[in-house]
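1. give me a model of this one.
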Amino acid sequence: MTATIQTFLLLLAVLVVVAVVARRLNIASSILLVIAGIALALIPGLPRIALAPELVLLGILPPLIYSAGVAMSWREFRFNLRPIALLAFGCVIFTAGAVAAVAHYLLGMPLAVGFVLGAIVAPTDAVAPLAIVGRLGLPRRLVVVLEGEGLANDATALILYRFAVAAVGTGLFSLSTAVGEFALIVVGEIAYGIGVGWFSLRLRRWAGDPRVEITLSLMTPYAAFLLPAHLGGSGVLATVAAGLYVSWNGPLLIPAATRLQGIFFWDLLIYLLEGLLFLVTGMQLRTLLDRSDAALLHQLALAVPLTVAVVLLARFIWVYPAAYLPRWLSPALARRDPVPSWQFLFMLGFTGVRGVVSLAAALAIPLATGTGAAFPDRDLILFVTFGVIVVTLIGEGIVLPPVVRWLALPHDAEDERKRENEAELKARLQTLKVAQSQLERLAADGDTEPDVLALLRARQDHRAGQVPRDADGKQAVAAALALRAELINAEREYIYRLLQSGQITDEARRRIERELDLEEAAITLKREDEDDPPL
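-> Modelled structure (predicted):
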């Protein structure tokens with residue numbers, strides 16, 4: 001037990017150090033974490049950490065997928081549902097088939113075993129691509145498509161994976177049966193996930209306590225994931241559906257206090273889960289090296305680069321017809337949603353990072369088939385999967401920034417952000433007008449005290465002053481925010497001196513401090529929105 005705690009503390013320390021180094025070097029921390037994990041795996045004497053597939057698929061994956069679903073806009077997801085579905089379902093099946101064919105004819109694997117490998121390496125990761133591209137200033141639609149694909153494609157891959165493993169074990173496979181079961185799983189999981197999301201919001205509304213509501217929010221992804229996974233589905237689509245339902249219906253049902261506390265809770269949870277996953281993924285090299293031999297390493301010299309080439313090439317082959325053919329078949333679609341630029345499509349095809357779900361699926365391959373024979377090429381599949389993850393994650397992570405600059409995509413994102421800012425400014429002004437109209441109605445009714453009306457008008461005037469009308473106004477608001485942050489620090493220091501001198505109690509200090517903290521958090525959020533690159 002002591003060794004486990006020490007190991008966990010070591011991982012947290014490495015996570016912190018890597019985060020600091022990545023920030024200083026302006027490199028995605030996910031890349032450095034995988035490299036750090038590989039380095040730790042090669043250090044003699046350190047305890048070996050074996051990644052339990054059940055821990056990833058049943059313990060860590062649900063909150064990651066649910067959090068991404070809640071953070072995603074349902075309106076944007078629905079608008080991009082066609083490209084997301086074509087990638088999450090069509091591209092995964094196409095890639096799995098391509099890998100299976102190459103593994104069968106060039107690597108000598110049985111076709112069913114090739115499909116196991118194809119199903120494992122076909123899906124892009126739900127976390128890794130956004131951890132890399134999210135900081136590059138890409139157009140929002142590209143980020144939404146990549147995120148939506150990463151959320152949904154694990155479902156396709158895991159279902160294909162189970163069909164392929166069963167075919168290896170029994171030697172039997174029926175395409176019509178598989179298609180029917182696949183369709184039933186997709187429809188059933190989506191309906192179940194929506195039901196879980198609806199029930200979760202009602203329970204949280206009845207709870208009336210932020211701590212209970214946040215606990216319920218943590219239980220929601222597991223309630224959505226575990227039952228479908230137990231019944232033979234993936235659980236992924238149900239979790240995504242629950243997250244999107246909460247995202248669309250939650251704003252009017254979740255209290256402000258819960259939302260504020262929940263943001264900090266989920267932000268920290270996801271940060272730790274993602275960081276530890278990247279780190280432990282690299283550390284699996286030790287587990288794989290223990291299973292290696294000369295013959296296996298000789299096979300890997302061909303198998304890894306060949307598989308990497310197939311998964312990357314298959315994605316490019318799929319992306320362009322998937323973009324052009326639907327618009328060629330439907331002129332109405334072409335008018336409503338013209339073909340994206342070649343830079344957009346190239347970036348969509350180029351971003352094919354694989355991650356920990358693929359590794360967990362490879363580790364979950366049974367040791368023996370249903371007949372008792374050893375599972376064919378199991379160790380080879382494990383090594384190839386790890387190689388694909390490392391090459392795509394580290395390789396693409398390093399190459400993506402110059403590729404993005406070459407494609408000039410941040411310029412498109414900057415135009416997109418300007419339009420979003422204009423729409424946001426318009427919405428802010430309109431909401432202020434709505435509140436002002438309501439205030440005038442209260443004054444006309446004559447039931448509200450003049451002192452109360454004066455306070456409300458002063459508040460409205462203050463809020464109106466926070467909305468910039470032009471570039472000069474924007475600069476003035478930014479300067480006012482910086483000065484207000486200094487005033488808050490002065491207030492906080494004075495409150496602390498009052499506490500030390502015994503003029504106020506700790507409870508009074510905490511109440512005042514909480515108000516200052518909330519205002520400072522709001523100021524920080526506004527300033528970050530101005531400074532951050534568009535996503």
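
2. need the contact list for Ala119.
-> Shown in contact with Ala119 (Cβ atoms under 8 Å, 6 or more residues apart in numbering): 96, 157-158, 160-161, 163-164, 361. Where C-beta positions appear, they are placed from N, C-alpha and C, glycine not excepted.

3. ok, and what's touching stretch 67-84?
-> 126, 140-141, 144-145, 147-152, 221, 239-244, 246-248, 250, 266, 269-270, 322-323, 326.

4. show me where this protein has its strands.
-> Taking DSSP state E as the criterion, the chain carries no strands.

5. who are the contact partners of Leu498?
-> So Leu498 contacts 504, 509 (Cβ under 8 Å, 6+ apart).

6. now do the same for it: its pLDDT.
-> On the pLDDT scale, Leu498 is placed at 82.

7. circling back: state the pair within the contacts of Ala119 that is farthest apart.
-> The most widely separated members of the contacts of Ala119, counting by Cβ to Cβ, are Phe163 and Ala361 (12.8 Å).

8. and these two? which has more neighbours close in?
-> Shown here are Phe163 and Ala361; by other Cβ atoms under 10 Å, Ala361 has more neighbours (25 against 20).

9. quick one: buried ones out of the contacts of Ala119?
-> Buried members of these, counted by 16 or more other Cβ atoms under 10 Å: 96, 157-158, 160-161, 163-164, 361.

10. hmm, Ala3 is touching Arg48, no?
-> No: counting by Cβ atoms under 8 Å, Ala3 stays clear of Arg48, with 11.4 Å between them.

11. so between those two, which is more surrounded?
-> Between Ala3 and Arg48, Arg48 has the larger neighbour count (other Cβ under 10 Å), namely 12 against 8.

12. which residues touch the more buried one?
-> 286-287, 290 are the contacts of Arg48 under Cβ under 8 Å, 6+ apart.

13. how confident is the prediction for Val240, by pLDDT?
-> At Val240, the model reports a pLDDT of 92.

14. now for it, how many residues are close by?
-> Neighbour tally, Val240, other Cβ under 10 Å: 29.

15. does it really touch Gly150, like I thought?
-> No: counting by Cβ under 8 Å, no contact exists between Val240 and Gly150, whose distance comes to 10.1 Å.

16. flag the shaky bits of the stretch 101-250 of the chain, pLDDT-wise.
-> Where the stretch 101-250 of the chain drops to pLDDT under 70, the residues are 134-135, 172-173.

17. give me the distance between Arg497 and Ile394.
-> According to Cβ to Cβ, to the nearest Å, Arg497 stands 51 Å off from Ile394.

18. show me which of these two is the more surrounded one.
-> Ile394 (18 against 10).

19. distance-wise, check that one relative to Leu237.
-> From Ile394 to Leu237 the distance is 30 Å (Cβ to Cβ).

20. what does Arg336 give?
-> Counting by Cβ to Cβ - Arg336 and Leu237 are separated by 27 Å.

21. more neighbours, the two?
-> Shown here are Arg336 and Leu237; by other Cβ under 10 Å, Leu237 has more neighbours (29 against 9).

22. for the nearest residue to the more buried one once chain neighbours are set aside, what are its contacts?
-> Counting by Cβ to Cβ, 6 or more residues apart in numbering, Leu237 lies nearest to Glu189, which is 3.9 Å off, once chain neighbours are set aside. Contact partners of Glu189, counting by Cβ under 8 Å, 6+ apart, are 155, 228, 233-238, 241.

23. go on, Pro210?
-> Pro210 neighbours (Cβ under 8 Å, 6+ apart): 255, 257-258, 261-262.

24. ranges for the helices of the stretch 201-350 of the chain?
-> 210-230, 236-249, 256-289, 294-329, 331-336, 342-350 (DSSP state H, counting those that start in this stretch).

25. list the buried residues for the second one?
-> Using 16+ other Cβ under 10 Å as the test for burial, helix 236-249 gives 236-248.

26. tell me the one of the residues you listed nearest Trp206?
-> Taking Cβ to Cβ as the measure, Trp206 lies nearest Val246 of these, at 15.5 Å.

27. the closest one and Leu201 touch, don't they?
-> Yes: using Cβ under 8 Å as the test, Val246 is close enough to Leu201 to be in contact (6.3 Å).

28. now what about stretch 260-267, what contacts it?
-> Outside stretch 260-267, the residues within contact range by Cβ under 8 Å, 6+ apart are 67, 210-211, 213-214, 217, 254, 518.

29. got any ranges where the stretch 351-500 of the chain has weak pLDDT?
-> For the stretch 351-500 of the chain (pLDDT under 70), the answer is 410-417, 419-424, 427-429, 432, 447, 452-453, 456, 459-478.

30. buried among the contacts of Pro210? Make that a ChimeraX selection.
-> The following ChimeraX selection, which keeps only the buried ones among those, applies the criterion 16+ other Cβ under 10 Å:
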select :255,258,262
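
31. as JSON lines, the contacts of Pro210 with pLDDT would be great.
-> As requested, the contacts of Pro210 are exported to JSON lines (pLDDT from 0 to 100):
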{"residue": "Pro255", "pLDDT": "82"}
{"residue": "Ala257", "pLDDT": "78"}
{"residue": "Thr258", "pLDDT": "84"}
{"residue": "Gln261", "pLDDT": "85"}
{"residue": "Gly262", "pLDDT": "87"}
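
32. in a markdown table, list the contacts of Pro210 along with distance to Pro62.
-> Formatted as a markdown table, those follow (distance: Cβ to Cβ, whole Å):
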| residue | distance to Pro62 |
| --- | --- |
| Pro255 | 24 |
| Ala257 | 25 |
| Thr258 | 20 |
| Gln261 | 21 |
| Gly262 | 17 |
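
33. just the closest of the contacts of Pro210 to Ala103, please.
-> Distances from Ala103 to those, taken by Cβ to Cβ, are shortest for Gly262, at 44.6 Å.

34. tally of neighbours for Thr156?
-> 27.

35. which residues are in contact with it?
-> Residues near Thr156 by Cβ under 8 Å, 6+ apart: 88-89, 92-93, 122-123, 234.

36. again, only this time at 10 Å
-> Going by Cβ atoms under 10 Å, 6 or more residues apart in numbering, Thr156 touches 85, 87-93, 96, 119, 122-123, 182, 185-186, 234, 236-237.
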